[in-house]
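1. everything below, folded, please.
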Amino acid sequence: MKNITTPIIPVQPDFVETTKNKTINHKAICLFAATGFFWETDTYWENKKTLYPATSNEIDEHHRLVSSYPYFKWNYTPKKNYSFEEALEDFTGLFETIIDEQIGDQQAILPISGGLDSRTQAVALKHLGKKVTAYSYSFSGGYAESAIAQQIAKACDFEFQEFFIPKGYLWNVIEDLAEINQCYSEFTHPRQMAVLPEFEKMEGVFSLGHWGDVLFDVGAPEHYTEKDLVQLVKKKVIKKGGLALGTTLWNDWNLEGDFETYLEERIQRLLNKIDIDHVGAKMRAFKSLFWAPRWTSTNLSVFEKAHPITLPYYDNRMCKFICKVPEEYLANRKLQIAYIQKRNPAVANITWEDQRPFNLNNYHYNKMPYNLAFKLGRKFRAGIQKIQQKKFIQRNWELQFVGEENERHLEGYLFNQKFAEFLPSATTKKFYDKFKEKDDVFYSHPVSMLLTLSVWNKKFNDA
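-> Residues are numbered from 1 along each chain as shown. Model (predicted):
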């Protein structure tokens, strides 16, 4: 017997087998196609499951699950008479303790964006006196995404590197990426794969800011009721074109019933497992249980390929702390903003990407008439770009799917005999044609999912 205790938010899945009968789980793949991640304990196979988060498990010599019981359940039990100042003090102590323990005497490798999660980490690392190498990405031919990150690094006296994601990088690394994430995520999202050789030249451990934006913000709009949650989950998780692709695969494989009905019933069953009355806290728990481990965590293995990873927001203590904090303190990122303002006013004064051109001290003015000049300037620049016929790259799939060379590689994966045996080539052609001729933004997700399924079918489908 072997005992496995899973974290509250697992970084990597632990797989177990239920039987020796290897059968493809077509329903799970339809959900994957629609949303980009596998749900709950699902995998590509009926007889292979992942262990549930926050559980203690006994596994036998055949790697089958013998017993499982939870040691933690998401809850909403805010402390009574708990002031915001007390919550801020508790967060400050906990967050800095976690980062101090995770990094120790090692060099921290910190990806910085223009948002708040990595900025909060930067402030803590600076306060703790850690050695830090910071970096950020920009798309080749795209906007200068690294400008804000560079300002944050400079304010904290960190070394800084800017990486450019080149056009068509995916085709040189797609087979390696498939081995790393086992095709449990579509391939256009982990752009860190493009600079993996550069990561390997660095020294230290990654300090990654994943999931801070979910834990430290409102879980659902205040006016939402329990009945609204199914539709909210659908809105959040279904990608553009995803419902159409999931429905088409469902029909191609002659599965019983209706895909959208199955999806809604599955969401409702998962929500029913969460014993929380507060709608916002329940939504946060849903995301942390079923989204974080199977979507956010999947490509963390790319970072791990270069160096060990640490995730302060994933820490069990942070998850437990969140359950004790009143929702009003989490809403609108109040705790993180107050922490940055207290610890490093200079960083608080740097532009907040989501509230451009405002910062953490004045973002409340991001409304008319205060942001009128910025909006007019943005429209003017967009007009100039249109006149010049200059298109900025904003999405990773544009670098990988657009252009003759990219199309040649993409079509090589989408239209081959082995994939046609798994999925009707007419389906693949229908979505690919719509991507090319009708709406590339809307149908980029279906094409990306079809590419992922083709690579999985080639490398792992020996059924």
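2. and Lys22, how far from Phe32?
-> Distance, Lys22 to Phe32, using CB to CB, to the nearest Å: 18 Å. C-beta here means a position set from N, CA and C on the backbone, and glycine is covered the same way.
3. name the next helix or strand downstream of the lowest-mean-pLDDT helix or strand in the chain, please.
-> Within the chain, no helix or strand scores below helix 372-387, which has a mean of 56 by mean pLDDT, DSSP states H and E. Sequence order places helix 396-401 as the next helix or strand after helix 372-387, per DSSP states H and E.
4. state the mean pLDDT of that next one.
-> Averaging pLDDT along helix 396-401 yields 89.
5. which other residues reach that helix?
-> Residues outside helix 396-401 that contact it (CB atoms under 8 Å, 6 or more residues apart in numbering): 139-141, 165-171, 187-189, 191, 393, 406-407, 410, 435, 440, 444, 447-448.
6. so what pLDDT did Ile393 get?
-> Ile393 carries a pLDDT score of 57 in this model.
7. show me the contacts for Thr77.
-> Listed by CB under 8 Å, 6+ apart, the contact set of Thr77 reads Cys323, Lys324.
8. need the three-state assignment for it.
-> coil (DSSP: H, G, I helix; E, B strand; the rest coil).
9. quick one: it from Lys334, how far?
-> 19 Å.
10. list the buried ones in the helix or strand encompassing Leu196?
-> Here Leu196 sits within helix 196-201, counting by DSSP H and E. Residues Leu196, Phe199 are the ones in helix 196-201 that count as buried (16 or more other CB atoms under 10 Å).
11. and the next helix or strand past that helix?
-> Past helix 196-201, the next helix or strand by DSSP H and E is strand 205-207.
12. so which residues make contact with that following strand?
-> With contacts defined as CB under 8 Å, 6+ apart, strand 205-207 is touched by 99, 102-103, 106-111, 121, 125, 303, 306-310, 312.
13. which among the residues you listed end up buried?
-> Using 16+ other CB under 10 Å as the burial test, these include 99, 102-103, 106-111, 121, 125, 303, 306-307, 309-310, 312 as buried.
14. wait, a strand at Pro53?
-> No: judged by three-state DSSP, Pro53 forms no part of a strand; its state is coil.
15. so it is in contact with Leu289, correct?
-> Yes: counting by CB atoms under 8 Å, Pro53 does reach Leu289; the two are 5.9 Å apart.
16. low pLDDT regions in the protein?
-> The chain contains residues with pLDDT under 70 at 140-145, 373-394, 463.
17. how about the strands in the stretch 101-250 of the chain?
-> Using DSSP state E, counting those that start in this stretch, the strands found in the stretch 101-250 of the chain span residues 108-111, 132-139, 159-165, 205-207.
18. what about Lys49, which helix or strand?
-> Going by DSSP H and E, Lys49 is in strand 48-50.
19. and for Lys418, the neighbour number?
-> 10 (other CB atoms under 10 Å).
20. pull the contacting residues for it.
-> Lys418 neighbours (CB under 8 Å, 6+ apart): Asn457, Lys458.
21. in three-state terms, label it for me.
-> Lys418 - assigned by three-state DSSP - is helix.
22. near the nearest residue to Ile322 once chain neighbours are set aside, how many other residues are there?
-> Among residues not flanking Ile322 along the chain, Leu215 sits closest, at 5.0 Å (CB to CB, 6 or more residues apart in numbering). For Leu215, the tally of surrounding residues (other CB under 10 Å) stands at 23.
23. got it, and the one 5 residues further on?
-> Burial of Ala220, expressed as a neighbour count using other CB under 10 Å, amounts to 21.
24. got the phi and psi for it?
-> The phi and psi values for Ala220, taken as degrees, to the nearest 10, are phi -160, psi 150.
25. and it, what does it touch?
-> Contacts of Ala220 by CB under 8 Å, 6+ apart are Asp228, Leu229, Leu232, Val279, Gly280, Lys282, Met283.
26. was I right about the second one contacting Leu271?
-> Right, Leu229. Yes: look at Leu229 against Leu271 with CB under 8 Å: they come within range, at 5.7 Å.
27. so what sits against both of these two?
-> In contact with both Leu229 and Leu271: Lys282, Phe286, using CB under 8 Å, 6+ apart.
28. before we move on, the earlier item: just the buried subset of the contacts of helix 396-401, please.
-> Members of those classed as buried by 16+ other CB under 10 Å are 139, 141, 165, 167-170, 187-189, 191, 393, 406, 410, 435, 440, 444, 447-448.
29. restricted to helices, list the residues you listed.
-> Leu170, Asn406, Leu410, Phe435, Asp440, Ser444, Val447, Ser448 (DSSP state H).
30. between the residues you listed, which sits nearest Asn349?
-> Ser444 (36.7 Å; CB to CB).
31. which one is that closest one nearest to, not counting chain neighbours?
-> Excluding the flanking residues, the one nearest Ser444 by CB to CB, 6+ apart is Trp397, at 4.5 Å.
32. what's the answer for Glu327, then?
-> Using CB to CB, 6+ apart and skipping the chain neighbours, the partner closest in space to Glu327 is Gly280 (5.1 Å).
33. put the alpha carbons of the helix or strand the one you found falls within into CSV.
-> According to DSSP H and E, Gly280 maps onto helix 279-286. What follows is helix 279-286, C-alpha atoms only, in CSV (Å, rounded to 0.1, in the frame of the first residue of the first chain):
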residue,chain,number,x,y,z
VAL,A,279,-22.6,32.5,-3.7
GLY,A,280,-19.3,34.3,-4.2
ALA,A,281,-17.4,31.9,-1.9
LYS,A,282,-19.1,28.9,-3.5
MET,A,283,-18.0,30.1,-6.9
ARG,A,284,-14.4,30.6,-5.7
ALA,A,285,-14.4,27.1,-4.2
PHE,A,286,-15.8,25.6,-7.5
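34. helices or strands next to it in the packing?
-> Packing partners of helix 279-286 (3 or more CB pairs under 8 Å, 6 or more residues apart in numbering; DSSP states H and E): helix 229-237, helix 259-272.
35. and it, how far out from the chain's middle?
-> Remark: helix 279-286 is offset 17 Å from the chain centroid, using CA atoms, centre = their mean, to the nearest Å.
36. which residues outside it are in contact with it?
-> With CB under 8 Å, 6+ apart as the test, helix 279-286 has contacts from 74-76, 214-215, 218-220, 222, 224-226, 228-229, 232-233, 270-271, 274, 276, 322-323, 327, 331.
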